[in-house]
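Student: Give me coordinates for this.
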Amino acid sequence: MPELPEVQTVVNGIKSKINKHKILRFKKYISKLRYPIQKNLSSKVESSTVTTVFRRAKYIIINLSNNRSLVIHLGMSGRIIIVKNNKKKFKHTHFSILFNKNLVIQFIDPRRFGYIFVTETASLEKHRFFVNLGVEPLIGQFNDRYLLNVTKNKKSPIKNIIMNQKYIVGVGNIYASEALFMSGIHPSRLGKDITKRDSEKLVRAIKSVLKKSIKLGGSSINDHTMVSGKMGYFQNKLYVYGREGSKCVKRSCQSPIIRIVIAQRSSFYCSECQR
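Tutor: Numbering: from 1, shown residues only. This is a model prediction of the structure:
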């Protein structure tokens with residue numbers, strides 16, 4: 001599933017191309033993805049101009065000049081490509097957006113878990129998909145004090161806590177595993193046992209791993225590609241995720257990487273470096 005870095009990569013890829021462009025036509029090729037596509041969606045976005053494009057959690061948000069926001073979620077296998085005309089419709093394309101200057105966005109989603117909707121910009125944060133979202137991990141508000149307050153007295157594993165969208169958004173399985181390795185924290189350690197020092201290290205690690213992945217275009221382990229169609233490169237820089245049985249990357253250690261299951265998700269860690 002595309003996580004924060006992959007979604008941010010898509011936003012970076014489209015915002016410079018569609019900003020200030022007018023939507024001429026919205027065309028759907030299917031009536032329902034994860035949720036039904038609003039019947040009046042086209043009339044609410046056509047003839048409006050893109051004012052800003054940004055990310056909130058795993059959502060791509062396109063603000064329009066008519067005070068509405070077009071929101072896209074990539075689901076588990078969704079991706080967006082930009083083409084110069086709409087003559088070629090790629091397999092599993094479920095909707096397209098035609099802008100002026102013959103620019104077209106196509107949304108491709110083999111598993112159909114993605115979705116799109118339009119809402120009033122002023123009420124966006126009150127929308128049911130946004131109202132319970134936690135803090136963005138790349139802003140100043142996410143710091144060691146915030147994390148320590150979140151983990152305080154919790155008997156859940158720390159990995160579950162940092163992946164919980166009501167506390168911190170966008171930290172998926174790959175990035176949680178990597179950040180916990182970088183901070184030397186065992187993924188099963190309970191939240192209540194996280195110290196201030198642990199919190200400081202983990203916050204730094206989460207920010208570092210997300211920024212690095214964004215810089216490298218995200219992780220193309222399953223379906224993710226950049227808007228250009230190129231693969232992301234972060235999967236080539238992983239320390240523990242997917243490396244079960246391999247040696248730890250630290251020369252001073254080289255203990256085997258172990259895989260365990262926490263909350264029905266594979267978790268990878270070094271048996272010596274993480275406590």
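Student: ok, now which ones touch residue 37?
Tutor: Taking C-beta atoms under 8 Å, 6 or more residues apart in numbering as the criterion, residue 37 is in contact with 28, 30-31, 95, 115-117. Any C-beta I mention is one placed from the backbone N, CA and C, and that applies to glycine too.
Student: now with 7 Å?
Tutor: With contact taken as C-beta atoms under 7 Å, 6 or more residues apart in numbering, residue 37 is in contact with 28, 31, 95, 116.
Student: how about it, phi and psi?
Tutor: Dihedral pair for residue 37: phi -80, psi 130, per degrees, to the nearest 10.
Student: try the one 10 residues further on
Tutor: Listed backbone geometry of residue 47 is phi 80, psi 0, with angles given as degrees, to the nearest 10.
Student: ok, it - how many residues close by?
Tutor: When neighbours are counted by other C-beta atoms under 10 Å, residue 47 registers 12.
Student: In the protein, which helix is the longest?
Tutor: Counting residues, the longest helix in the chain under DSSP state H turns out to be helix 196-215.
Student: Partner strands of the helix or strand following it and their direction?
Tutor: Heading C-terminal from helix 196-215, the first helix or strand you meet, by DSSP states H and E, is strand 257-262. Strand 257-262 has its sheet partners listed here by DSSP bridges as strand 265-270 (antiparallel).
Student: in the partner strand, what counts as buried?
Tutor: Of the residues in strand 265-270, those scored as buried under the neighbour-count criterion (16 or more other C-beta atoms under 10 Å) are 267-270.
Student: and the contacts of residue 37, which are buried?
Tutor: Judged by neighbour count, with buriedness set by 16+ other C-beta under 10 Å, the buried members of the contacts of residue 37 are 28, 95, 116.
Student: I'd like those residues as TSV, with distance to residue 70 and secondary structure appended.
Tutor: Output for these, formatted as TSV (distance: C-beta to C-beta, whole Å; DSSP: H, G, I helix; E, B strand; the rest coil):
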residue	distance to residue 70	secondary structure
28	13	strand
95	11	strand
116	7	strand
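Student: Could you pull out the strands in the protein for me?
Tutor: 23-28, 50-56, 59-64, 68-73, 79-83, 93-99, 103-108, 115-120, 257-262, 265-270 (DSSP state E).
Student: Which strands border the shortest one, and is each parallel or antiparallel?
Tutor: Note on strand 79-83: by DSSP bridges, its sheet partners are strand 103-108 (antiparallel).
Student: So what's the residue count around the closest residue to residue 147 other than its chain neighbours?
Tutor: Counting by C-beta to C-beta, 6 or more residues apart in numbering, the nearest residue to residue 147 once its immediate chain neighbours are dropped is residue 199, at 4.6 Å. Taking other C-beta under 10 Å as the criterion, the count of residues near residue 199 is 23.
Student: Now for residue 199: which residues touch it?
Tutor: Under the criterion of C-beta under 7 Å, 6+ apart, the contact partners of residue 199 comprise 144, 147-148.
Student: ok, it to residue 210 distance?
Tutor: With distances taken as C-beta to C-beta, to the nearest Å, residue 199 is found 17 Å from residue 210.
Student: Put together JSON lines for the strands of the chain, with distance to residue 161 and mean pLDDT on each row.
Tutor: JSON lines is the format used below for the strands of the chain (distance: least, C-beta to C-beta, whole Å; pLDDT from 0 to 100):
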{"stretch": "strand 23-28", "distance to residue 161": "38", "mean pLDDT": "97"}
{"stretch": "strand 50-56", "distance to residue 161": "20", "mean pLDDT": "98"}
{"stretch": "strand 59-64", "distance to residue 161": "22", "mean pLDDT": "98"}
{"stretch": "strand 68-73", "distance to residue 161": "23", "mean pLDDT": "98"}
{"stretch": "strand 79-83", "distance to residue 161": "29", "mean pLDDT": "91"}
{"stretch": "strand 93-99", "distance to residue 161": "34", "mean pLDDT": "97"}
{"stretch": "strand 103-108", "distance to residue 161": "32", "mean pLDDT": "94"}
{"stretch": "strand 115-120", "distance to residue 161": "27", "mean pLDDT": "98"}
{"stretch": "strand 257-262", "distance to residue 161": "11", "mean pLDDT": "97"}
{"stretch": "strand 265-270", "distance to residue 161": "13", "mean pLDDT": "96"}
